[in-house]
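1. Next come a sequence and a model predicted from it.
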Amino acid sequence: MVAYVYDKILSQGVRAGNLPGRTQDARKWFRDTAQTTRTTPESIMRGDKSRFTNRTMLGRMYMFYYDPKHKKTLKTYDTFPLIFPIKRESDGFIGMNFHYLGLKERAVLMDALYDLTNNDRYDEKTKLVATYELLNKSAKYKYFKPTVHRYLSAHVRSRFLEVSAAEWDIALFLPVERFEKQSKRTVFADSRKSWQ
């Protein structure tokens, strides 16, 4: 259950003195713990229904099931994205899907993005204040480019599970990406080509 996965890791971290997002050591602890946690998209999506929503908000993190419109012609696609929406579209949104990055690049990008949060409380009001244009201007966000994808509302296959700011580092490293047509190793290698 999602509440169980996130709550268990959060409570272990806090007992160990690690407050989410506050220090590099705390971030590393949460990421390392999440990486070794056994879970699946199905178990995550069977969680606490109060965490689900029908709409996304810019700068918040979400997980959901997705079935792309042009999947026959796509080189690869992720059926269980982990995204921060960064732009609204009339028929959906543009979002950064962290699953397109290897674990090291996810960590580096997220560490840089923490500078773009609207507060440092990591509570229900915390969100990223980021646009494509802002991210594209700075080398410190260079890993974001392969994460940017367009999501059509008509092809979303579930409600959106909102991941709280205190859980971002956990969600980042949970092994739940679900790529079709290519292995995640190939996807990560292709993403690296975009900034080399």
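-> That came in fine, so what should we check first?
2. Count the residues that sit near E167.
-> 24 (other C-beta atoms under 10 Å). Where C-beta positions appear, they are placed from N, C-alpha and C, glycine not excepted.
3. how far away is it from K71?
-> E167 sits 29 Å away from K71, going by C-beta to C-beta, to the nearest Å.
4. Then K145?
-> Here K145 is placed at a distance of 22 Å from K71 (C-beta to C-beta).
5. dump the residue contacts of D32.
-> By C-beta atoms under 8 Å, 6 or more residues apart in numbering, the contact set of D32 is F173.
6. Give me the pLDDT for it.
-> Per-residue confidence (pLDDT) for D32: 79.
7. One more: F93?
-> pLDDT, F93: 98.
8. Excluding residues flanking it in the chain, which one is nearest K140?
-> Computed as C-beta to C-beta, 6 or more residues apart in numbering, the closest residue to K140 that is not its neighbour in sequence is A112, at 4.7 Å.
9. The one you found: neighbour count?
-> By other C-beta under 10 Å, neighbour count at A112 equals 17.
10. Just say helix, strand or coil for Y151.
-> strand (DSSP: H, G, I helix; E, B strand; the rest coil).
11. Ramachandran coordinates for the closest residue in space to it that isn't next to it in sequence?
-> The shortest distance from Y151 to any non-neighbouring residue, by C-beta to C-beta, 6+ apart, is to G92 (4.9 Å). Reported as degrees, to the nearest 10, the phi and psi values for G92 are phi 160, psi -130.
12. if I look at G92, how far off is L101?
-> Where L101 is concerned, G92 sits at a distance of 22 Å (C-beta to C-beta).
13. Among those two, which residue is more densely surrounded?
-> L101 (24 against 18).
14. In contact with that one: list those residues for me.
-> L109, Y143, P146, T147, F188, S191.
15. measure it to M57 for me?
-> Relative to M57, L101 is positioned 22 Å away (C-beta to C-beta).
16. which pair in the contacts of L101 spans the largest distance?
-> The largest separation in the contacts of L101, counting by C-beta to C-beta, is between L109 and F188 at 13.0 Å.
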